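S.K.: Any chance you can model this:
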Amino acid sequence: MFLGTYSPRLDEKGRVFLPAKFRDELAGGLVITKGQERCLYVFAAAEFGRLTERLREAPLTAKGARDYSRVFFASAHDDTPDKQGRITVPPPLREYAGLDRDCVVIGANTRVEIWDAAAWATYLAGQEEQFSSLSEEVLPGIV
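M.R.: Below you'll find the predicted structure:
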């Protein structure tokens, strides 16, 4: 499980340091791909495999599933963190997420997300107001 918010910087080679708490789970390999709201999703290789199996079960006749799978898999990049815990974010993914220098890396349960720092601040400001009302919809009777 990935938790927390961190603020690493993208270096001149397009690399970002993974938070130390995330490194063990991602050390065996990871997949980085486009996420929603112009962030990037980072999955441990095993979790990406589970997600792939679930998407494989979607019927080919479902246009939404085909469209989603095409973008999701075509933009995917596999990587292994280096000894310092850095991963390289390919240029097309940096462009998609608007990553330049200041980033935010968040734990989002089964995945890690990488955001442009300004985009994350804007997103978070808009979502925090709705957070308490969403708990009723997303987790009825649980929280």
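S.K.: Please, where are all the strands along this protein?
M.R.: Using DSSP state E, the strands of the chain run over 5-6, 15-17, 30-34, 40-44, 77-79, 86-88, 103-108, 111-116.
S.K.: any chance you could map the helices in the chain?
M.R.: Under the criterion DSSP state H, helices of the chain are mapped to 20-26, 45-56, 63-74, 91-97, 117-138.
S.K.: buried ones in the first one?
M.R.: Residues 22, 26 are the ones in helix 20-26 that count as buried (16 or more other Cβ atoms under 10 Å). To be clear about C-beta, it is placed using only N, CA and C from the backbone, and glycine gets the same treatment.
S.K.: again, but for the third one
M.R.: Across helix 63-74, burial judged by 16+ other Cβ under 10 Å covers 69, 72.
S.K.: ok, now which ones touch the residue nearest the centre of the chain?
M.R.: Central residue of the chain (Cα atoms, centre = their mean): residue 41, 1.8 Å from the mean position. By Cβ atoms under 8 Å, 6 or more residues apart in numbering, the residues touching residue 41 are 32-35, 111-113.
S.K.: for it, which residues make a bridge with it?
M.R.: Applying DSSP bridges to residue 41 gives these bridge partners: residue 33, residue 113.
S.K.: Ends of stretch 55-67, what's the gap?
M.R.: 11 Å (Cα to Cα, to the nearest Å).
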